[in-house]
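**Q** Need the 3D shape of this:
(chains A, B and C)
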Amino acid sequence: MYDAGKVITGIIIFLVLVTFPIWFNIASGEAAYTPDPTIATPAEQCVESLEYMKRNHMDMLDEWRDIVVRDAQRTFVAPDGKTYEMSLSNTCMKCHSNKTEFCDKCHSYVAVDPYCWECHIEPEEVTDGNR
Amino acid sequence: MGLIIALLAVALLILIATIGAGTLGLHYLFGIVIPYASLAVFLIGVVYRVIIWAKSPVPFRIPTTCGQQKSLPWIKSSKLEAPNSTLGVIGRMALEVLFFRTLFRNTKTLLAKGPKLGYSSEKFLWLAAMAFHWCLLVILLRHLRFFVEPVPSFVGLLQPLDGFFQVGLPIIYISNVLIALGLLFLLFRRLFDPKLRYISLAADYFPLFLILSIGTTGALMRYTSIKANLIPIKQLVTGLFGFQPVIPAGLDVMFFIHLFLVCALIAYIPFSKLMHMGGIFMSPTRNLANNSRIKRHINPWNPDVKLHTYEEYEDEFREVMKAAKMPLEKE
Amino acid sequence: MADNIKKPEELAQIDFRPPRKLWTNPSIEFRKGTFNYAAVPEKAEYLGLPHVRKWQPMDDDWQIPDNWQEIIFEGMRERLDKYRSFRIFMDICVRCGACADKCHFFIGSGDPKNMPVLRAELLRSIYRKNFTLAGKIMGKIAGGRELTIDVLKEWFFYFFQCTECRRCSVFCPYGIDTAEITMMARELLNLIGLNIDWIVTPAANCFRTGNHLGIQPHGFKDSIDFAVDELEELTGVKVEAPINKKGAEILFVAPSADYFATPHYYTLLGYLALFHEIGLDYTWSSYASEGGNFGLFHSTDVMKRLNAKIYMEAKRLGVKWVLGGECGHMWRVLHQYMDTMNGPADFLEEPVSPITGTKFENTRSTKMVHIIEFVSDLIKNNKLKLDPSRNDHWNVTFHDSCNPARAMGLIEEPRYVIRNVCNNFHEMPENTIKEQTFCCGSGAGLGTDENLEMRLRGGFPKANAVKHVHEKHGVNILLCICAIDKATLPPLLEYWVPGVEVGGIHEMIGNALIMKGEKRTTDLRGTPFLGTAKGDDEGKESAEDV
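**A** Coordinates of the predicted model:
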């Protein structure tokens, strides 16, 4: 007995499952989508280099939070010697004031759900939905 | 021997990716050509292997019964351990594939003075196998966030669950910890159990080292200062899966190593014991109903053989049968 | 027992640490007591087997054909194309080692090549080298080996050191069944004329005379008639035992040892008493006077040739259905192979018990019922008068034979019967019974004195379980429903656990059965019943359900 029907069904199920990303991307037509975060109130310079911020902003925010909450220390000295107040709402959001157009762009692209806004109040500008 | 070969093989793979994608900057080769090639090898290879298996028939119905058969109506039969219906077989296979039912039965034999043999339950292999396989699935599903755009909602649901304890930032996934523990147990078992060490081949160590390396490079990119820039990574991967391949700027060598090892793993599957993932479904001692006296199983090559008929038998023994007053066909 | 066998204490000094050397370069020493002798040429010739010649395993030159490798490879290719099990089991083992300490031969010998995984690797390494891409390219690194004479000798040694009991397949996460691999290896060995006598001779005898022992029809009749007389002496009841009777309702087929060997013989007396008491219209057959099938241990072809007799005889005699006696591997063949090989049995009727009217729906295609199923139904329907106290001198335990347990699932029926005919029943530890039962160590054609040491080693786990209940509960008889068990367990138990007898369930039924007009004070072995015989007592009603 060969059970050809069952084997072929099995092969098809296998192929459908493992090629899920292929047909999902083709169906959505978003395979080439690239997020383009924009800053509403641009400043000349962030607290660290752009490349550093892309990869490490989450660690920096985490660190800031700990230092502020535990040590009541509020001053951050940047590599270029400038000082900033360690504050998400007062420092970061001053330039990056548009959460939907900035933070959410990349976060939703790679499905990251930071818990910043569990404590902080979301900036008011959040009105229109994501892209 | 096998251990060293396997270690060297994985080291060589890492070296190839480091030099190829790092030093030589062959991003197109390592980012597009090799992933497509290995995906093709994987898909075609697995299907080919299954078809080869399927071309050989199952001539006899040979389930291993691990429980009571269905016989008289008042005897309770074991529907999952000795199934006699398709539904029972599906149940048995589901238990096997999803929960490793058989490994759960594992025992350890001990010989004490006397001589006295004892058998103790030995669940660690089951536990490690469950931890490894299930975590591998969770990690794979979590990775869908880099594979497809937009990210399906179930993937988003998986992450907070997997990072339930909210330890560290980025949050440490439970699956990452468990898969490491599972893999290390499977590896140490092979190294330190003399019986296992004796039977282990390079082909047994290689996948362990390979998957450990994939896990390690992945963890380095998530948890350490060798942070990955996820945006170009996802652009590359969705481009591949959407057949619109691009090499975005900002890809690191660590990512290429990770990707190359994954490619090596999936391309290796069809040639290796890792085909057990398909084989388990086709194992005739597990996937057949124990109903061979109820329904005739057909053997497509049932051979014609030389028989010894009653007539030939009587011809040979007619005289003695007659003398013993036994009934005869021909007097 | 042979004198060169070590004492039990010495034999039980088992070292489970594998040697430091790699396993891949074999050198087999054919030491007396650990292997089986080659087939007698005339018997192999009678079956028409290939490359018949006089040779012995301890010879340096096995006189195999020059192109033996070619024959083996061709044979492997053919079997890979014929058996999905062979292909899959060659491909998917991950060497997790779950099977390692599940084999009775490994437990009893400590020889790492008796771990099921390694036994299979002996063949798998050759498969990898010659039939897989990775093995062809990378050879040793991919776990491949060259097929050399030493590898061949190793095959012969270890594949005739497996009893095809399937215990490993219960524990393998993919259900890899070493029995299946051993069968393939033995078929391959047969292709170049490597067979053992203990398999080929019974098979050839069975082909010619209808039974393993080569008993001719008149001898068969004598044995049955003698048993009828003996039963009359023991019980005072004269029973009928028809042979080759056309038009009987049922054909009864039992293993031939039942009418020729002890303690099987008491089981035969039990059958005869039972069939008489229920007035069964049945017949024995001299042509199909063997339920056992040593073809199973040789090759599919020989198995089919021997098994064909049962249906051919059932058709000739015009019976309605077939009843089968107490036997282990016989039931593997009847349950899993017969209908496929020699069916469809469309000239028979769906089995119905003529006594209770019960339809044996689980046998509606094969039309062959196990006698324990048949008796369970009789007891359940109160058709037997039983006095279990007549077995009070027996403290019994039950050994599940490998094939009924793991290739059939006949687990509760025998227990139900035992509980109804014996008052003192004690189970062995759970890891040694039911689907986890240990083999007697002598199945699959290995039950000879030639390899006695290996048999004692292989039987050690089972004997040790018996010893446990012997010491704990005073068990003095091990019941089993397998002719090979009954032949090989007595010397095994005498060696490991003296003071425990071996018997069949039908012996106990025969003891407990209250027959009309009986006059008896002893059991079927002639041992007086405890207390006075309660011949006219009402026997315990069969209330106990499973």
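
**Q** residues near residue C:147, how many?
**A** Look at residue C:147: counted by other CB atoms under 10 Å in any protein chain shown, it has 17 neighbours. Any C-beta I mention is one placed from the backbone N, CA and C, and that applies to glycine too.

**Q** quick one: it and residue C:127 touch, right?
**A** No - between residue C:147 and residue C:127 there is no contact under CB atoms under 8 Å: 10.0 Å.

**Q** so who does residue 106 touch?
**A** In the absence of a named chain, chain A is used. A:35, A:37, A:112, B:230, B:231 (CB atoms under 8 Å, 6 or more residues apart in numbering or on different chains).

**Q** please go with chain C instead
**A** Residues in contact with residue C:106 (CB under 8 Å, 6+ apart) are C:100, C:112, C:114, C:115, C:116.

**Q** Most neighbours among the residues you listed, please name it.
**A** That'd be residue C:116 among these, by other CB under 10 Å, with 30 neighbours.

**Q** now, the most widely separated pair of the contacts of residue C:106?
**A** C:112 and C:116 (11.1 Å; CB to CB).

**Q** quick revisit: and of the contacts of residue C:106, the nearest to residue C:230?
**A** residue C:114 (42.0 Å).

**Q** you'd agree the closest one is up against residue C:101?
**A** No - Residue C:114 is beyond contact range of residue C:101, at 10.3 Å (criterion: CB under 8 Å).

**Q** From what I see, residue C:347 and residue C:315 are in contact.
**A** Yes - applying CB under 8 Å, one finds residue C:347 in contact with residue C:315, separated by 5.1 Å.

**Q** hmm, back to that, and which of the contacts of residue A:106 is nearest residue B:187?
**A** Using CB to CB, the contacts of residue A:106 come closest to residue B:187 at residue B:230, 29.6 Å.

**Q** What sits closest to the residue in chain A that chain B sits nearest to if chain neighbours are left out?
**A** At 2.2 Å from chain B, residue A:31 is the closest residue in chain A, using CB to the nearest CB. Beyond its immediate neighbours in the sequence, the residue positioned closest to residue A:31 (CB to CB, 6 or more residues apart in numbering or on different chains) is residue B:242, lying 2.2 Å away.

**Q** Low-confidence bits of the stretch 201-331 of chain B, can you list those?
**A** Residue ranges of the stretch 201-331 of chain B with pLDDT under 70: none are present.

**Q** how about the residues of chain A near chain B?
**A** A:1-4, A:7, A:10-11, A:14-15, A:18-22, A:24-26, A:28, A:30-35, A:54-56, A:58-59, A:62, A:106, A:108-111, A:113, A:115 (CB under 8 Å from any CB of the partner chain).

**Q** Could you pick out the buried ones from the residues you listed?
**A** If you count burial by 16 or more other CB atoms under 10 Å in any protein chain shown, the buried members of these come out as A:1, A:3, A:7, A:10-11, A:14, A:21-22, A:24-25, A:31, A:33, A:35, A:54-56, A:106, A:108-109, A:111.

**Q** which ones among those are found in helices?
**A** Using DSSP state H, the subset of those located in helices is A:7, A:10-11, A:14, A:21-22, A:24-25, A:54-56, A:106, A:108-109.

**Q** wait, is residue B:296 part of a helix?
**A** No - under DSSP: H, G, I helix; E, B strand; the rest coil, residue B:296 falls outside any helix and is assigned coil.

**Q** was I right about it contacting residue C:341?
**A** No - Residue B:296 is not in contact with residue C:341 according to CB under 8 Å; the separation is 10.4 Å.

**Q** Look up how far chain C lies from the residue nearest to residue A:31.
**A** Counting by CB to the nearest CB, to the nearest Å, the separation of residue B:242 from chain C is 32 Å.
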